[in-house]
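Undergrad: heads up, no residue letters with this:
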């Protein structure tokens, strides 16, 4: 069955059996009403080619084609154009469930749908994802291409549906991955691309050796595997830099900065006098790193050994111990990479933006792709934030699908039996609600100079009485672990390093050194200020000559701000939900593990979704909007239709729609009704077009006949005129011939008129002569 909401009987076992049967037939997409379940096959399927894309274009009936992510993309696009309302895709699921690939398919199909727009812009949007994957994705134990940051891509369209611009928002890059990875995990892809694609000569120029000899790449097991695909990916990244107008010097600086990050990680320290850290003898990594970053070697090295402070006009140096020196080294490396990532996003947004686009008149279509729910052997602050984000997405899903829908029934006076569902808002409050939420306790403790991870965990103790009953405190006084029962599963968090990661502090000495680099890119990166969301909007501008300003933004406070910003964007648009499911825990192609799937279906609320989609009315349209969209089904095209309940009833009756409700101000429809109504509108439009075509044909033929008759009459008039001219010409010609003949005859009889003329002229001459003689005689007398 393509749509599980159509099941006559439904329970957990039936849902799993239906999905298992479809998966065995390599049908990875299934509808639950207007929600799409996407099973990750971990294997390429031949269902994404151009032929398939062409099938999912325009007003396509939902039941006429198999479920597909292309239908969801097309439906959102068509809904945006018809309703003139912003849309968004909310793609959720555990890590490794296929969210990133789903995002790629959506973007590819949207670019296919709006091909009449700007070609270069469309191509750049397509190329954006490989670039972001290179710098923001890595291999984890759950996913070989896991997104280690959240992104929300907004595509801007004009009213005709042509793409006019785009904007990318990035959230919570996992900076700690630059310095440390768990077993069977890797650093960000771009580092391995460099080693596979640059060649030994260029690597030597950058001071790099084999990848396994660099601490930040060796990982937990000390081995690194490079593939030919890595080299091809580097070529793709470099081509993207060219296509998106990255400056060549900036790309060169970027590569040097990545090399400098690795060299900083190779720096080792030894214990000196007074427990102060010093450099290991023979270490030249920082010398090479300073040259790559184009900063003075001396001040740069000093930043790794001590920090400076000023009091009463005097400058004091505070030496680092071994642990502090290592933490500071890693902090610098993380800061360089994070700001570099921020610059990439800023530049891409500059290329994708349209300065002339009227923001008040454009339509937007957002695509949310965030890291999935995670549970590792050691869950740190990064996993805490990631799982809170997924908890927030689940809460938004519950609010939109269950709470808002049932509240709407009550407001409109619709008789309804409430459906119970698992509300995770209390768990979200456990994390985020002030003043006792876990995140806010962590922020407060991070601001205390004497705060430690242990004191933080101790202050969480009272939360065991929280209304959510989701918090389990540490089992012993010195235990740094605590547990939280998330919507997906219970997770044990290890608070070791929580405060240090949350403070995310970077020495002002480091900032002051790097912001005056001779490299314009490095200088720009460290002049940029962190936003309230923890991201960097890097602009290459004139250098600020003043001292570095220190920001007090913690990782958690920035995370909360970014989460609020994300929810605001989703709330302002109409959401389209895609639930991605992992069929097994080992990423094995086409392998089905029932317990893994059943757990995800249960925690994602799919059972409750099937029930409310089967019994409820997921589409709720105000009378005015309903009449505007569908009036052509029952009313003349140019009729003025009042936005009232009776008008809506007339339209629904004409469309032969059943099982609907009409409230006080809205029409309540089943999830499949808009598709049927759309087909009725399409049929009405086809009828109008048929009549219009015939009428235009009649008018054209009538005008043609009139023009034809006028042309015939005109031809007759012209023929008559030329006939008269011809007749007159022939008569005149005959007379001229007769005259010419007479003129040429030598006998005077043949020229009587000439003889008469000469006689007349002779008489006149004689008369004139006589008159002259008389005049002369008179004068003589």
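TA: Great, that's in hand. Model, not experiment: these values are computed from the prediction.

Undergrad: which stretches in the stretch 551-700 of the chain count as strands?
TA: Under the criterion DSSP state E, counting those that start in this stretch, the stretch 551-700 of the chain contains strands at 574-581, 619-622, 661-662, 666-669.

Undergrad: can you tell me which of those comes nearest to residue 376?
TA: strand 574-581 (19.3 Å; C-beta to C-beta). Heads up, the C-betas are built off the backbone N, CA and C, glycines and all.

Undergrad: please work out the average pLDDT along the closest one.
TA: Taken as a whole, strand 574-581 carries a mean pLDDT of 92.

Undergrad: and what of stretch 609-617?
TA: pLDDT averaged over stretch 609-617 gives 73.

Undergrad: in it, which residues are buried?
TA: 609, 610, 611, 612, 613, 614, 616, 617 (16 or more other C-beta atoms under 10 Å).

Undergrad: related to what we said a few turns ago, dump the strands of the stretch 551-700 of the chain to a markdown table, plus mean neighbour count and distance to residue 655.
TA: Formatted as a markdown table, these follow (neighbours: other C-beta atoms under 10 Å; distance: least, C-beta to C-beta, whole Å):
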| stretch | mean neighbour count | distance to residue 655 |
| --- | --- | --- |
| strand 574-581 | 22 | 22 |
| strand 619-622 | 19 | 14 |
| strand 661-662 | 17 | 14 |
| strand 666-669 | 23 | 11 |
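
Undergrad: if we can go back for a sec, closest to residue 507 among the buried residues of stretch 609-617?
TA: Comparing the buried residues of stretch 609-617 against residue 507 with C-beta to C-beta places residue 609 closest, at 50.0 Å.

Undergrad: which of the buried residues of stretch 609-617 sits closest to residue 351?
TA: Distances from residue 351 to these, taken by C-beta to C-beta, are shortest for residue 609, at 39.0 Å.

Undergrad: ok, now how distant is the closest residue to that closest one other than its chain neighbours from residue 7?
TA: Residue nearest to residue 609 in three dimensions, not counting chain neighbours: residue 32, with 5.3 Å by C-beta to C-beta, 6 or more residues apart in numbering. Separation of residue 32 from residue 7 (C-beta to C-beta, to the nearest Å): 10 Å.

Undergrad: which neighbours do the two share?
TA: Applying C-beta atoms under 8 Å, 6 or more residues apart in numbering, one finds that residue 32 and residue 7 are jointly contacted by residue 610.

Undergrad: the more surrounded of the two?
TA: Taking neighbours as other C-beta atoms under 10 Å, residue 32 and residue 7 compare with residue 32 leading, 25 against 15.

Undergrad: list the contacts for the more buried one?
TA: Residue 32 touches 3, 4, 5, 579, 606, 609, 610, 613, counting by C-beta under 8 Å, 6+ apart.

Undergrad: try it again with 6 Å
TA: Going by C-beta atoms under 6 Å, 6 or more residues apart in numbering, residue 32 touches 4, 5, 609, 610, 613.

Undergrad: same question for residue 661.
TA: 414, 668 are the contacts of residue 661 under C-beta under 6 Å, 6+ apart.

Undergrad: what sits opposite it in the beta ladder?
TA: residue 668 (DSSP bridges).
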